[in-house]
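Asks: Here's a sequence, model it:
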Amino acid sequence: MDSLIGMIIENDMYQKKTNFDPYDVLLRYTAFLVGTIAPVTIKHRVLPTKNFFEYCDIEISPRKFSLKVRLPNYSIMSNNDSFHKWVCNNQ
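Replies: Coordinates of the predicted model:
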């Protein structure tokens, strides 16, 4: 975490640009979280981090974000689907 904050703070005073790729940081953060928590939780942790970067005036393009940072897929089962599976399995 300290190295991430250090990369954010260090910037080029003449060009007003940070010296790191925010998409790479978000991709590495996603890779770090994969396998430790549920996919929907990963999404709920990565998106606020993206919003924090935007709050700090680090430009994040929605198109580049979706191309460069792949969030894990997850599916949400409705109650009807689970009930249907239960009925089919118990016949």
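
Asks: residue contacts, residue 37?
Replies: residue 45 (Cβ atoms under 8 Å, 6 or more residues apart in numbering). C-beta here means a position set from N, CA and C on the backbone, and glycine is covered the same way.

Asks: Tell me the bridge partners for it.
Replies: When bridges are called by DSSP bridges, residue 37 pairs up with residue 34.

Asks: any chance you could map the helices in this protein?
Replies: 2-9, 22-33, 39-55, 62-68, 79-89 (DSSP state H).

Asks: Count the residues that sit near the residue nearest to residue 41 when sequence neighbours are not counted.
Replies: Leaving aside its chain neighbours, residue 41 sits nearest to residue 33 (7.8 Å; criterion: Cβ to Cβ, 6 or more residues apart in numbering). Using other Cβ atoms under 10 Å, the number of residues around residue 33 comes to 18.

Asks: again with residue 31
Replies: Counted with other Cβ under 10 Å, residue 31 comes out at 12.

Asks: how close does the closest residue to residue 74 other than its chain neighbours sit to residue 46?
Replies: Nearest residue to residue 74, sequence neighbours excluded (Cβ to Cβ, 6+ apart): residue 39, at 3.7 Å. Residue 39 sits 11 Å away from residue 46, taking Cβ to Cβ, to the nearest Å as the criterion.

Asks: shared neighbours, these two?
Replies: Common neighbours of residue 39 and residue 46 (Cβ under 8 Å, 6+ apart) are residue 71.

Asks: Mind checking which of these two has more residues around it?
Replies: With neighbours defined as other Cβ under 10 Å, residue 39 and residue 46 compare such that residue 46 has more, 19 against 14.

Asks: give me every residue that touches the more buried one.
Replies: Here residue 46 is in contact with 26, 29-30, 33, 69, 71 (Cβ under 8 Å, 6+ apart).
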